[in-house]
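1. just coords:
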């Protein structure tokens, strides 16, 4: 018995020590204190990279990021709670910011940052701020729809007349933000009804780009997406948007919703000063000019920087007034799950 | 995931009761591994209980689940038989007929395994952009997975005893009759094994279906994760998916039956006389060419086309090199660790016959069929609540790879170990070598080739893994498949092409290993 035990003891020792080495090495590398700022980034990777590069160039502070979707990273932050390794959270839309705020995980933003952003582009709580904006549009195929056949309101799209004729990306936080605005503006019953109409009428795509492409190829007549995907392609090859045009709902319609991309500093951050500095930077002139002059085509919201001249000015969009702090991601997910869209 | 059935070992050479009882340390290690393999199942059960029955019931019995159930079941019910027809047809043509250039065709139809299904999907969407839905899923996965059927069936066909078929002919059966009544029944185990493997892959696949907008359970669970991170609806979908897997396992096990097909008695069977195709030669050749074009031509052509369109711009060497380095690093660590850990498990399975051995085999059988998404979801939940230092660490993702791909290493190591006669080890010990020296100089040497084959299978499985990697990758990790996925889901096909190419090139050597193994099995 003893012999047999020792015969296999040596490989076991090798195994266990190998395991220990791997675990030890990785545990050190992952939990070791580094002086790099860690962003949980749900914004477009390319835009955040531009911000990071400019920030590092100016301040010498190194920044890394974890890439993910709005709600994915937002829920992850909530699950991680006070133990989160993240310093800064950036999103494309407000609902995930609101969820993290509700969990009490943000610290107050510095006054300097707040003062750079006009009140309508940040929540009153001061726990986070808008860092960029995007507007909802109805993109349509010019061969399939004439201007007089366009929907007057986002709500029209639940009518049977639109069956099979429009597309949207329901699994994306972008679209869910639009639904959260609808929920805030029109209430639960109307939203549930609209989602049921959507389930019956809409073709669903993986994301905004796939929706845009489907509209361009005539697979559907129109689609509900954000404006900048269209402008980006127009500025490049027009390969995905050449046959299409944009329709703005305006009139404070839910479909004219302007969504704020958010930025906030985590309470649990051990590098709060640097994190605050980063927020101050991206809402400052240099950071906002990345939006104006770069190829993101998102709207600047702070420091008086104007939008890219190709865009319809933000103030002309007649967006509905929505409180970004109370957009409810959880309720939207539940309702969309109930409607069978998720 | 289940490893290819061709690599299944023959019965252990000696299951003597001399060295039957494992010591406490090996028992503890193996028990730990078995317990670890139960994490995914435990997670699903725990999720269902913690959500509460009413809410769980609500989440399971809703129209969306019905839709997913229909999609997933339809996919399996259509794709598996298609793969049977194609796999068996091709194997029969290249093994049993007088088709010319059989030496060329034989390895060619293993080659699709070098193209990950999500790359294949990307290739097809590149050719037909509007491709979507059930039939797109069926098309892509049939072309990706039929080699899982072709390999074992071809190996079995090669070693069938022609005497039985000749008797049937002598009794008046024609070629078709012989095939249906004599050959096909003997292929039953190979077909069931291949079918199970394909079924399991179908349930686990994410990338290939997401790209053609076909929602199966795995796709929906992933979407739920993106929306809710760690939500109840996702866990419940995972529960239904696990049930589907178990149904598949039970179906395969009960369809195996008890009939015996082995040759009794010693002696080598004669080589079978090739069947003359005659007038059917041309359609047969045309069919094979068409299949090769669809399964290999399309992906190769699309990748090349995008590389051509992208030109030098898409080769951001920095990024590709980083991704390559990280992928190879992760895959190598996982491959070595998994293979090393497979030794004690294999030892228990081969050398002892107690309860532990049966539990090990059973646990392995079940968890190997669980989709990566369930394992990944379980690990995220468990570490975030109970093992925070491991959360988002390299250790965790390596651990996940080990759980997912242990069977691939195990099957090989076990086969190798089974062929090491314990008497050799005993001789070494009686001549004064220490247990360590005996292990290193006798056991390890004799099992090294098998272990290397196992490790290379794990290596490529990790290198092309997408689903679990997306959920578990530590901050800053960007593997080849992650980069490929990121670009191709933004529909930047040209930028994704270099990553697709590197992924395919990485997988080629291992595909050769698989092919060589299948021919070796045939020689046994």
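-> Looks like it arrived, so ask away. If you're wondering where the values come from, they're calculated on a predicted model, not measured in any experiment.

2. relative to residue A:91, how far out is the residue of the stretch 51-200 of chain A found nearest chain B?
-> Nearest residue of the stretch 51-200 of chain A to chain B: residue A:75, at 3.2 Å (C-beta to the nearest C-beta). Backbone N, C-alpha and C define where each C-beta goes, glycine included. Going from residue A:75 to residue A:91 by C-beta to C-beta, to the nearest Å gives 12 Å.

3. who's more crowded, these two?
-> Between residue A:75 and residue A:91, residue A:91 has the larger neighbour count (other C-beta atoms under 10 Å in any protein chain shown), namely 32 against 26.

4. can you pull the contacts of residue A:228?
-> A:134, A:296-298 (C-beta atoms under 8 Å, 6 or more residues apart in numbering or on different chains).

5. how about the longest strand along chain A, does it get close to chain B?
-> Identified as the longest strand of chain A according to DSSP state E is strand A:128-141. No - Strand A:128-141 lies out of reach of chain B by C-beta under 8 Å from any C-beta of the partner chain, never closer than 14.1 Å.

6. pull up the pairing partners for the next helix or strand after that strand, direction included.
-> Using DSSP states H and E, the next helix or strand after strand A:128-141 towards the C-terminus is strand A:166-168. The sheet places strand A:166-168 alongside strand A:203-204 (parallel), strand A:222-226 (parallel), with pairing taken from DSSP bridges.

7. toward the C-terminus, what is the element adjacent to the shortest one?
-> Downstream of strand A:203-204, the next assigned helix or strand under DSSP H and E is helix A:208-216.

8. which strands and helices lie in contact with that following helix?
-> In terms of contacts (3 or more C-beta pairs under 8 Å, 6 or more residues apart in numbering or on different chains; DSSP states H and E), helix A:208-216 is packed against strand A:128-141, strand A:166-168, strand A:222-226, helix A:227-235, strand A:244-247.

9. those helices in the stretch 401-524 of chain B, which residues are they?
-> B:422-430, B:435-438, B:444-463, B:467-472, B:480-489, B:493-523 (DSSP state H, counting those that start in this stretch).

10. in CSV: those helices, plus mean neighbour count, distance to residue A:42 and mean pLDDT.
-> Shown next, in CSV, are the helices of the stretch 401-524 of chain B (neighbours: other C-beta atoms under 10 Å in any protein chain shown; distance: least, C-beta to C-beta, whole Å; pLDDT from 0 to 100):
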stretch, mean neighbour count, distance to residue A:42, mean pLDDT
helix B:422-430, 15, 57, 88
helix B:435-438, 17, 52, 83
helix B:444-463, 22, 27, 88
helix B:467-472, 25, 15, 89
helix B:480-489, 22, 14, 88
helix B:493-523, 19, 21, 82
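
11. nearest to chain A, out of the ones you listed?
-> Closest among those, using C-beta to the nearest C-beta: helix B:435-438, at 3.9 Å.

12. burial check on residue A:145, number of neighbours?
-> Residue A:145, neighbours per other C-beta under 10 Å, totals 19.

13. my guess is it meets residue A:221, correct?
-> Yes - between residue A:145 and residue A:221 a contact is recorded at 5.2 Å, counting by C-beta atoms under 8 Å.
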